[in-house]
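Student: This is the structure alone, sequence omitted:
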């Protein structure tokens with residue numbers, strides 16, 4: 001696939017996520033898809049396979065994010081090549097302990113017309129505060 005197709009693939013992936021349709025989102029991923037969230041938060045790590053992403057990653061978010069209030073995500077930039085897509089986005093959601101308005105950079109690998117992996121770079125201090133109610137000395141937001 002070329003860069004235009006890969007950009008469209010990434011936009012469809014995140015569009016399904018914003019619609020709250022995780023199954024549709026995962027239909028754009030390979031069966032051995034991995035999602036890595038950087039950092040040391042309780043949800044940080046690498047989730048291997050669609051089932052683990054669905055059960056362990058998104059399942060864990062159900063206790064911390066208000067999915068009924070919606071998943072707001074505005075894609076700010078997409079840079080795509082033959083096998084790599086970088087998506088910069090800004091989110092607006094509500095978490096258990098307050099607003100969760102994060103900035104994201106996803107570095108995605110494409111294989112055989114589907115997303116094989118994403119590494120999510122994000123403000124992990126905001127995750128700790130909004131999801132788990134933890135505060136950190138020096139955190140200003």
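Tutor: Cool, got the structure. Note that this is a predicted model, so its numbers are computed, not measured.
Student: From here on, just use CA atoms for contacts and neighbour counts.
Tutor: OK.
Student: Give me the distance between stretch 77-97 and the centre of its chain.
Tutor: 7 Å (CA atoms, centre = their mean, to the nearest Å).
Student: Which residues belonging to that stretch are considered buried?
Tutor: Applying a neighbour-count criterion of 16 or more other CA atoms under 10 Å, the buried positions in stretch 77-97 are 78, 80-81, 83-89, 91, 93-97.
Student: tell me which of the residues you listed is nearest to residue 110?
Tutor: Within the buried residues of stretch 77-97, the smallest distance to residue 110 is 4.8 Å, found for residue 83 (CA to CA).
Student: which residues touch the closest one?
Tutor: Applying CA atoms under 8 Å, 6 or more residues apart in numbering, we find residue 83 in contact with 1-3, 6, 109-111.
Student: Equivalent analysis for residue 41, please.
Tutor: Going by CA under 8 Å, 6+ apart, residue 41 touches 124, 127-128.
Student: May I have the phi/psi pair for it?
Tutor: Summarising the backbone geometry of residue 41 under the convention degrees, to the nearest 10, its torsions are phi -70, psi 170.
Student: same deal with residue 89?
Tutor: Residue 89 has phi and psi values of phi -150, psi 160 when expressed as degrees, to the nearest 10.
Student: which non-adjacent residue is nearest it?
Tutor: residue 75 (4.2 Å; CA to CA, 6 or more residues apart in numbering).
Student: how distant is the worst-scoring helix or strand of the chain on mean pLDDT from the center of its chain?
Tutor: Using mean pLDDT, DSSP states H and E, the weakest-scoring helix or strand in the chain turns out to be helix 59-61, at a mean of 83. Relative to the chain's own centre, helix 59-61 is displaced by 12 Å; criterion: CA atoms, centre = their mean.
Student: and the residue nearest the centre of the chain, what does it touch?
Tutor: The centre of the chain sits closest to residue 120, judged by CA atoms, centre = their mean, with a distance of 6.1 Å. Each residue near residue 120 by CA under 8 Å, 6+ apart is listed here: 35-38, 104-107.
Student: go on, residue 13?
Tutor: Taking CA under 8 Å, 6+ apart, we find residue 13 in contact with 24-26, 28.
Student: again, only using 10 Å
Tutor: Neighbouring residues of residue 13 by CA atoms under 10 Å, 6 or more residues apart in numbering: 7, 21-22, 24-29, 114-115.
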